[in-house]
Every structure is written in C-alpha cells, then in structure tokens.
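Asks: got a predicted structure here, sequence first:
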Amino acid sequence: MENVLLIINIILAAILVILVLMQKSEGGALGIGVSQDNFMFSRSAGNFMTKATSIIAALFIICSLALTILSRENVTPSNSVIDQIEENNEETPQLPE
C-alpha cells in the first residue's frame with residue numbers, strides 16, 4: 001500500500017510541476033504579463049488551469065499526509081538524546097580519587 005501511494009505521490013508531483021509551468025504569468029511585478037489583446041482568452045484558460053492546479057495540489061497534500069500516517073506505524077519509539085547521554089554516564093567507570 002505504501003509503495004502504491006508513493007508512486008501516486010510522485011506522479012501527482014510531476015503533474016503539479018507541469019501544470020504550474022504551463023500557466024501564464026498574471027503578475028505585473030517586472031512588467032511581464034498578459035497583454036490586453038489576449039486578456040479575454042487567457043482568463044478562461046487560466047480558470048481551468050487554476051482549478052486543475054488546486055485539485056492536483058490538494059490530492060498531492062492528501063497523498064503526502066497518508067504516506068506520513070502509514071510510515072508512522074513502522075517507527076519504534078525511542079528515548080531522547082539527553083536520556084541516552086545520562087545512561088552512558090552512569091555506565092562509565094568512575095575515576096579513583
């Protein structure tokens with residue numbers, strides 16, 4: 001089950017990257033963006049791309065959370081590092097006075 005979710009997660013990540021790269025820039029921060037001629041046509045395409053990106057992103061997050069939950073079952077609880085240091089100090093021989 002974990003391998004199937006991992007493969008799905010990798011596929012969703014690749015699709016998400018492709019969808020983000022396919023979107024047109026809407027910002028005007030650097031003067032780069034959509035011209036006024038193509039403004040009406042890019043909006044309808046942008047809506048579809050935006051919705052598809054948000055759906056794939058939500059699926060990616062859900063799949064990542066599911067992988068995290070599944071992997072937590074295999075983790076054994078451990079002591080903290082400070083507890084391990086204190087245990088090691090008790091086992092070391094003491095110097096004679």
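Replies: Great, that's in hand. This structure is a prediction, so every number in the text was calculated from the model and none was measured.
Asks: switch to C-alpha atoms for all contacts and neighbour counts from now on
Replies: Will do.
Asks: can you pull the pLDDT of Ile11?
Replies: Looking at Ile11, its pLDDT is 97.
Asks: tell me the helices and strands packed up against whichever strand or helix holds it.
Replies: Take DSSP states H and E as the rule and Ile11 turns out to sit in helix 2-22. Packing contacts for helix 2-22, counted by 3 or more C-alpha pairs under 8 Å, 6 or more residues apart in numbering; DSSP states H and E, involve helix 39-72.
Asks: average pLDDT for the helix it packs on?
Replies: Average pLDDT, helix 39-72: 83.
Asks: list the contacts of the residue lying closest to Leu59 once chain neighbours are set aside.
Replies: Closest residue to Leu59 apart from its sequence neighbours, by C-alpha to C-alpha, 6 or more residues apart in numbering: Leu12 at 7.5 Å. Taking C-alpha atoms under 8 Å, 6 or more residues apart in numbering, we find Leu12 in contact with 56-57, 59-60.
Asks: and Leu12, how far from Leu21?
Replies: Going from Leu12 to Leu21 by C-alpha to C-alpha, to the nearest Å gives 14 Å.
Asks: thinking again about what came up before, by neighbours, which of the contacts of Leu12 wins?
Replies: Most neighbours among the contacts of Leu12, by other C-alpha atoms under 10 Å: Phe60, with 20 neighbours.
Asks: any chance of the contacts of Leu12 in CSV, with distance to Val4 too?
Replies: Listed next are these as CSV, based on distance: C-alpha to C-alpha, whole Å:
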residue, distance to Val4
Ile56, 17
Ala57, 18
Leu59, 14
Phe60, 13
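Asks: which one of those residues is nearest to Ile82?
Replies: Nearest to Ile82 out of the contacts of Leu12 is Phe60 (C-alpha to C-alpha; 36.6 Å).
Asks: surely that closest one touches Asn9?
Replies: Yes. Contact criterion C-alpha atoms under 8 Å: Phe60 and Asn9 qualify, at 6.1 Å.
Asks: neighbours around Thr53, how many?
Replies: Neighbour tally, Thr53, other C-alpha under 10 Å: 19.
Asks: hang on, I meant Asn47
Replies: When neighbours are defined as other C-alpha under 10 Å, Asn47 has 11 of them.
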